[in-house]
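In: Have a look at this prediction, sequence included:
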Amino acid sequence: MARGRISSLLRCCLSRHSISWIRALLISNAKLCEGIVTSSNLNCAPNYPSYLSRNAQVNCSFVYSKLYSTLSGNDCRASENVKNDDDIVAESSILESDNENRPGGDNITLKCELFEDIRLRDPVKIYKSLCDVQKGAKQTRADWDVLVEIFRCFAKSGWAINQALAIYIGASFFPTAVHKFRSFFFKKLPGDVGKYLVSLGPGHKSDQFLFPKFVEFCLEEFPDEIKQFQCIMASADLTKPHTWFPFARAMKRKVIYHCGPTNSGKTYNALQRFMEAKKGVYCSPLRLLAMEVFDKVNALGVYCSLHTGQEKKIVPFSNHIACTVEMVSADDLYDVAVIDEIQMMVDPCRGYAWTRAVLGLKADEIHLCGDPSVLKMVRKICSKTGDELLEQHYERFKSLVIEAKTLLGDLRNVRSGDCIVAFSRREIFEVKMAIEKQTKHRCCVVYGALPPETRRQQANLFNEQDNDFDVLVASDAIGMGLNLNIRRVVFYNLSKYNGDKIVPVSASQVKQIAGRAGRRGSRYPEGLTTTLHKEDLDYLIECLKQPFEEVRKVGLFPFFEQFELFAGQLPNITFCQLLEKFAENCRLDGSYFLCRHDHIKKVANMLEKVQGLSLEDRFNFCFAPVNIRDPKAMYHLLRFASSYSQNLPVNIAMGMPKGSAQNDSELLDLETKHQVCSMYLWLSHHFKEETFPYKRKAEAMATNIAELLGESLTKACRKPESRQAGKPKPEKRENGYERPQSLIKIFDKRRNEIYLAHDYSETVAV
Ligand SMILES: Nc1ncnc2c1ncn2[C@@H]1O[C@H](COP(=O)(O)OP(=O)(O)OP(=O)(O)O)[C@@H](O)[C@H]1O
Ligand SMILES: [Mg+2]
């Protein structure tokens with residue numbers, strides 16, 4: 001009913017006061033979209049408008065033309081020479097000769113004057129006159145071709161698509177709207193307007209001329225579609241995220257930014273305040289770091305619980321919690337909160353969790369620890385939230401020394417206390433094997449796909465002095481906040497696969513990783529860093545010298561409630577389509593980007609066939625930590641969701657491995673099995689406990705598997721395989737005939753293999 005009333009109101013307004021209405025609409029829209037993103041700012045919606053500037057432009061042109069027409073008293077009655085054909089101009093209306101088009105001198109002046117008049121005529125009046133026209137003027141074939149091209153360009157104009165969003169014509173509806181507008185326009189086109197458009201030719205000038213008439217047309221023709229899109233846009237409004245947390249806004253919070261390079265004491269100082277507080281929370285980027293803080297704080301006599309996606313260790317009488325940042329509660333009140341590695345706000349996938357914590361934590365004192373890259377953004381956020389901001393700047397305890405000699409490409413030059421950093425699982429094992437074969441050193445390994453317990457066991461083995469394990473081979477999983485006894489960080493290479501292609505490792509990541517060498521209080525307080533190959537040294541030096549990049553945008557993602565509101569506008573589409581639509585239509589202000597959600601979409605796609613899941617259940621299942629490239633893990637997730645949807649108790653139903661891994665495929669199997677247990681535990685904490693009743697069993701399995709993994713790694717000196725290795729090879733016939741394969745499949749398979757060989761798990765396993 002409301003919708004009908006609004007649309008009739010809309011029509012009424014249109015007929016009487018369209019200019020002021022459009023102006024009001026555009027102004028209010030501009031206000032609504034204050035500081036709205038430019039296309040580059042929203043990864044998932046490349047054509048999103050820079051509303052404000054462009055609206056202003058549209059607005060001005062409307063106002064100007066309105067003013068002009070009022071002052072000059074221009075009457076814009078359309079030419080009587082009109083057409084009456086259906087849809088677009090029929091071929092018969094095209095004149096074969098083009099005599100009129102050959103300009104003589106006087107003719108040019110006359111046309112210029114005529115065009116000047118058209119150019120300055122009030123677009124609304126032009127539109128009105130078009131409506132009144134019965135039959136459009138005939139066009140020559142040449143003109144007709146140009147006009148068709150003009151509309152073809154208009155339909156594809158990014159500028160026009162962006163502008164149309166300002167009147168709530170969505171990008172997906174825009175082509176339909178233009179098609180209808182073209183039919184209308186060609187049917188009614190007066191000769192002078194046609195000639196003027198032809199004189200402009202296809203391109204931006206014609207787009208600018210057509211657009212205001214297009215607006216009039218849309219407002220009159222599509223009030224329902226506009227209203228619907230307006231509702232969609234309103235429900236996908238992610239502007240002003242600081243208003244999402246009214247309780248935190250009502251507090252007088254003090255934010256302390258501990259700003260500095262690695263190994264400068266940022267976390268240490270923040271933790272001092274955390275431990276002094278009556279009630280505190282520490283938010284970590286990694287489960288491993290949360291565990292480290294949990295242990296450290298309890299050892300110092302401050303009772304502290306642990307809360308990660310997979311585990312809850314409640315220490316009796318504790319008022320402190322160490323958690324992963326995704327798990328922090330924005331409902332509880334704290335005296336002191338610490339958000340570590342705050343520069344992760346810009347992480348393309350997980351950044352939203354840091355943003356949410358900064359905006360929403362209900363704590364009197366919030367300590368942010370990180371490098372200076374997001375300092376400006378934090379200042380901006382605090383000015384919006386009204387929080388007091390204090391900045392504490394730090395210097396590195398001992399500067400990091402670059403060894404110019406490098407390892408000269410020879411792993412025999414490895415020394416005790418070295419950490420060799422490689423960016424794929426395959427390389428990690430190759431390096432370990434080569435070192436153990438060619439030298440007397442023994443290696444521990446740390447990479448993202450290993451459970452945190454195993455990583456910790458390996459790190460401890462490396463840290464302790466009374467064993468042979470004096471070299472660490474690790475991926476970038478060691479890059480954040482961890483304190484290890486590393487003397488020298490050696491980069492095996494400085495490029496990594498980003499899920500799509502091989503790219504150079506970013507300067508900030510190089511700094512983070514290199515910064516693991518020479519930690520205060522460790523066996524090697526003075527740190528060194530170098531590369532294996534001489535050719536990589538320049539890039540390493542360049543990265544370490546580079547000042548911290550200033551970030552302009554931080555990540556954001558909707559809460560379930562926001563997403564639910566949006567889903568209410570589009571009831572008949574799948575969850576995956578909903579995610580896409582949300583990304584397409586959501587509005588962000590210039591300080592934020594929408595976090596990547598390819599991973600969520602992939603899971604959503606798989607779960608599409610599971611019936612009977614509520615929107616909230618789907619949303620939750622999609623956030624479960626699963627390696628989407630691991631078919632076994634995906635299979636188990638699908639199984640869990642299917643049982644859950646049938647109201648059956650979800651069973652972990654997975655065989656326990658018999659012993660430690662004898663080869664790499666067994667090691668991969670252990671990794672997968674641990675991930676499945678970990679996923680089960682995560683789900684058991686995010687759904688009702690009775691629906692996942694085998695939590696204890698999953699915990700026991702996870703602990704056993706982590707131990708087996710540790711054992712396997714300690715004795716491992718084997719060739720690494722990819723997860724695809726066990727699969728049957730494509731059929732080969734004796735006569736050399738090979739079964740043809742889809743090129744797309746081959747390409748996908750290769751991508752998959754590369755992906756699996758790389759180390760991604762940490763991005764999801766929180
Ligand atoms: N005042 C201090 N007294 C004793 N030890 C300290 C002090 N400050 C820092 N440390 C120790 O120095 C090491 C590095 O400190 P911390 O972890 O706080 O550095 P950070 O700046 O947070 O580094 P990163 O950026 O890598 O996280 C830690 O082992 C910490 O315990
Ligand atoms: Mg730190």
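Out: Alright, I've got the coordinates. Ligands and ions are numbered 1, 2, ... in the order given.

In: switch to C-alpha atoms for all contacts and neighbour counts from now on
Out: Noted.

In: Mind listing what's buried along stretch 556-570?
Out: Across stretch 556-570, burial judged by 16 or more other CA atoms under 10 Å covers 556, 557, 558, 563, 564, 566, 567.

In: let me fix that: stretch 608-615
Out: 610, 613.

In: Let me see the mean pLDDT of that stretch.
Out: Stretch 608-615 carries an average pLDDT of 92.

In: and what of stretch 455-464?
Out: Here the average pLDDT along stretch 455-464 is 91.

In: can you list contacts of it?
Out: 288, 443-447, 467, 469-472, 484-485, 710 (CA atoms under 8 Å, 6 or more residues apart in numbering).

In: returning to that earlier point: quick check: which of the buried residues of stretch 556-570 are also close to ligand 2?
Out: By CA under 5 Å from the ion, no member of the buried residues of stretch 556-570 lies near ligand 2.

In: Quote the end-to-end distance of stretch 306-314.
Out: End-to-end span of stretch 306-314 (CA to CA, to the nearest Å): 7 Å.

In: So which of the buried residues of stretch 556-570 are in strands?
Out: residue 556 (DSSP state E).

In: Show me where the stretch 301-450 of the chain has its helices.
Out: 351-360, 375-385, 425-438 (DSSP state H, counting those that start in this stretch).

In: centre of the chain versus the first one, how much separation?
Out: The reference is to helix 351-360. 14 Å (CA atoms, centre = their mean, to the nearest Å).

In: Name the residues that touch that helix?
Out: 241-242, 244-245, 248, 325-326, 328, 330, 339, 342, 344-345, 366, 381, 385, 554-557, 595.

In: From those residues, keep the buried residues only.
Out: 241-242, 245, 248, 325-326, 328, 330, 339, 342, 344-345, 366, 381, 385, 554-557, 595.

In: neighbours of residue 642, just the number please.
Out: Around residue 642 there are 19 other residues, counting by other CA atoms under 10 Å.

In: ok, back up a step: ligand 1: which of the contacts of stretch 455-464 is nearest?
Out: residue 484 (8.2 Å; CA to the nearest ligand atom).

In: Surely the closest one is within a helix?
Out: No. Assignment of residue 484 by DSSP: H, G, I helix; E, B strand; the rest coil gives coil, placing it outside any helix.

In: What's the per-residue pLDDT of it here?
Out: On the pLDDT scale, residue 484 gets 87.

In: how near is the closest residue to it other than its chain neighbours to ligand 2?
Out: The shortest distance from residue 484 to any residue other than its chain neighbours is 6.4 Å, reached at residue 463 (CA to CA, 6 or more residues apart in numbering). Using CA to the ion, to the nearest Å, residue 463 is found at 18 Å from ligand 2.

In: quick one: the host helix or strand of residue 219 to chain centroid distance?
Out: Assigned by DSSP states H and E, residue 219 belongs to helix 204-221. Taking CA atoms, centre = their mean, one finds helix 204-221 lying 34 Å from the centre of the chain it belongs to.

In: Just give me how far the helix or strand that that helix is followed by sits from the chain centre.
Out: Per DSSP H and E, the first helix or strand lying C-terminal to helix 204-221 is helix 223-235. Centroid separation for helix 223-235 versus its chain: 25 Å, with CA atoms, centre = their mean.

In: cool, stretch 520-528 as well?
Out: For stretch 520-528, the distance to the chain centre is 36 Å (CA atoms, centre = their mean).

In: Tell me the buried residues in that stretch?
Out: In stretch 520-528, counting by 16+ other CA under 10 Å, buried: 520, 523, 524, 525, 526, 527, 528.

In: Phi first, then psi, for the fourth one.
Out: In this case it means residue 525. phi -70, psi -10 (degrees, to the nearest 10).
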